[in-house]
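[1] Turn this into a model:
(chains A and B)
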Amino acid sequence: GIQVEQSPPDLILQEGANSTLRCNFSDSVNNLQWFHQNPWGQLINLFYIPSGTKQNGRLSATTVATERYSLLYISSSQTTDSGVYFCAVVLYNQGGKLIFGQGTELSVKP
Amino acid sequence: EAQVTQNPRYLITVTGKKLTVTCSQNMNHEYMSWYRQDPGLGLRQIYYSMNVEVTDKGDVPEGYKVSRKEKRNFPLILESPSPNQTSLYFCASSSYRGRGSNNEQFFGPGTRLTVL
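    Model prediction:
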């Protein structure tokens, strides 16, 4: 089956620093999403980005579908950015199921 | 506000006592699904539904039932819960209609279930 790998697995930042999270996937995908799971366990949609680049405030994401990777950029990090970041993909023939990576756990220190 | 709601948010129960976790969405989405999240195993799909009266198994359907009698609701039923069903459960919905259609999925707030 498809492999979805995220790196790094853990990341500790000082408030104000920038970071890049990476998501590699092993097959062609129909959809890619980035989520933030906050410390209360809620999954927050960040980006729906099958290809191209999107920006939302301090966050932006780029997916290069032909090279099978996506990047999430966090600029000027804040303590509220802490949590786990997941990328998830959907295969063309899997009934819309999201396949999640194992996540990047981000901790932003004041 | 467009959202997916789940109830209850937290539940502690005992082995064998039937329970239902409700899920409702107000976005007129055709597609709904259930996932469970476990440490070390990540998020895995339990069941999904492409539309009313159409449901299908995901990766870990054993011990669960679902129904889709109305478009907006997709309850998850545990007929005889066991401790290995202790988990964090998420309901999700999207406007997905099949290959090529938009499949951005929106998640509910989660239900923390503990089975003693």
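
[2] what distance separates the least confident helix or strand in chain A by mean pLDDT from the centre of its chain?
    Lowest on mean pLDDT, DSSP states H and E among the helices and strands of chain A sits strand A:98-100, with a mean of 92. When distances are taken as Cα atoms, centre = their mean, to the nearest Å, strand A:98-100 is centred 12 Å away from the chain's centroid.

[3] what does that strand contact?
    Residues from elsewhere that reach strand A:98-100 (Cβ atoms under 8 Å, 6 or more residues apart in numbering or on different chains): A:1-2, A:4, A:31, A:33, A:86-91, B:35, B:42-43, B:45, B:92, B:105. C-beta coordinates here come from the backbone N, C-alpha and C atoms, glycine included.

[4] what about the helices in chain B?
    Shown for chain B, no helices are assigned by DSSP state H.

[5] Please name the residues that touch the residue in it sticking out farthest from the centre.
    Relative to the C-alpha centroid of chain B, counting by Cα atoms, centre = their mean, residue B:100 is the outermost residue, at 23.6 Å. With contact set as Cβ under 8 Å, 6+ apart, residue B:100 has these partners: residue A:30.

[6] any idea how far it lies from residue A:30?
    Distance, residue B:100 to residue A:30, by Cβ to Cβ, to the nearest Å: 8 Å.

[7] Excluding covalently adjacent residues, which one is nearest to the residue most central in space within chain B?
    Against the mean C-alpha coordinate of chain B, by Cα atoms, centre = their mean, the closest residue is residue B:34 at 2.6 Å. The spatial neighbour of residue B:34 that comes closest, neighbours along the chain excluded (Cβ to Cβ, 6 or more residues apart in numbering or on different chains), is residue B:46 at 4.3 Å.

[8] Chain neighbours aside, what residue packs nearest to residue A:11?
    residue A:106 (5.0 Å).

[9] who's the one you found bridged to?
    residue A:11, residue A:83 (DSSP bridges).

[10] near chain A, which residues of chain B?
    Chain B comes close to chain A at residues B:31, B:33, B:35, B:42-43, B:45, B:48, B:50, B:56, B:58-59, B:88, B:90, B:92, B:94, B:96, B:99-100, B:102-107, B:109-110, B:112, as judged by Cβ under 8 Å from any Cβ of the partner chain.

[11] Just confirm residue A:49 contacts residue A:34, I think it does.
    Yes: taking Cβ atoms under 8 Å as the definition, residue A:49 is a contact partner of residue A:34 at 7.0 Å.

[12] got any residues that touch both of the two?
    With Cβ under 8 Å, 6+ apart as the test, residue A:49 and residue A:34 both reach A:61, A:70.

[13] mind checking the longest strand of chain B?
    In chain B, with assignment by DSSP state E, the single longest strand is strand B:42-51.

[14] Let me know the pLDDT of residue A:92.
    As predicted, residue A:92 sits at a pLDDT of 65.

[15] oh, I was asking about residue A:1
    81.

[16] Quick check: it vs chain B, distance?
    10 Å (Cβ to the nearest Cβ, to the nearest Å).

[17] Could you count how many residues lie near that residue?
    9 (other Cβ atoms under 10 Å in any protein chain shown).

[18] doesn't residue B:38 make contact with residue B:89?
    No: counting by Cβ under 8 Å, residue B:89 stays clear of residue B:38, with 10.3 Å between them.
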